[in-house]
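Q: how does the following fold in three dimensions:
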Amino acid sequence: MTVTGRWEWRTFARSLANIGPRSDAGNAIPPATREHYVLSIASVHNVKIRDNCLDIKTLVRTDELGLEQWTPTFKAQFPIDQTGLDAAWTAWGLPHPVVEKTRCTLDEFFTEVVPSERGLRIVEIGKRRTPMVVLGCPGERAAVTVGDEVWESISFEHLDPYRVWRAVRGLGLENAENTNYPKALKRIVGFRLVEKPGKMEIL
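A: This next block holds a predicted model:
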């Protein structure tokens, strides 16, 4: 069965408190989740771990309005086998190590697999998500904690890109940049390639 990718839009800012609908839950604070994103200097794809599960989404394309179409490519609980490791290295856009594990626990993934490649970086975040619907399109607010920094995010996703864009315009955010999690986290933690005389260096 062919998996149809959803169209997504997301923006990050220090504060988005005055934009869009607020939760009807009064002062209730949504539950927090802890997630780990494994960023690759060579890839735009999304590799994250949440609830002991490796979850990979691939960016399929970006349309003329800047909306991104993402499709899920792998999801499995740890420990993962060769299939999961292959999916991760493919999403990272990096060559597999010469000696590769055929099965690994979450701890081994964090302490052995990822550190074997300098072009990868683990970023742990805290996330509090509040669902919302704007003009029939599901979305969410998120408070995202990265180290000592707190960022706010608003996002929408749907199979129909028109619905996503209509929701974005409905909140007056059409001029805000569509920034996915890997891209935003790379900016926040300063994970990038810089050119120095005679070489490229990863920061």
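Q: right, and the helix or strand after the host helix or strand of Trp9?
A: In the assignment (DSSP states H and E), Trp9 maps to strand 6-13. Past strand 6-13, heading to the C-terminal end, the next element that is a helix or strand (DSSP H and E) is strand 32-40.
Q: may I see the buried residues of that next one?
A: Across strand 32-40, burial judged by 16 or more other Cβ atoms under 10 Å covers Glu35, His36, Tyr37, Val38, Leu39, Ser40. Where you see a C-beta, it was placed from the backbone N, CA and C, and this is true even at glycine.
Q: so what's the second one closest to, chain neighbours aside?
A: Right, His36. Sequence neighbours aside, Ile49 is the residue nearest to His36 in space, at 4.5 Å (criterion: Cβ to Cβ, 6 or more residues apart in numbering).
Q: any buried residues in whatever helix or strand the one you found lives in, and which?
A: Remark: Ile49 resides in strand 46-50, with elements defined by DSSP H and E. Residues of strand 46-50 classed as buried by neighbour count (16+ other Cβ under 10 Å): Asn46, Val47, Lys48, Ile49.
Q: which residues touch the closest residue to the third one other than its chain neighbours?
A: On the basis of Cβ to Cβ, 6+ apart, the spatially nearest residue to Lys48 that is not a chain neighbour turns out to be Tyr37, at 4.8 Å. Going by Cβ atoms under 8 Å, 6 or more residues apart in numbering, Tyr37 touches Asn46, Val47, Lys48, Ile122, Val123, Ile125, Tyr181, Pro182, Leu185.
Q: tell me how far the fifth one lies from Tyr181.
A: Look at Val123 and Tyr181: by Cβ to Cβ, to the nearest Å, they are 9 Å apart.
Q: thank you kindly, that will do.
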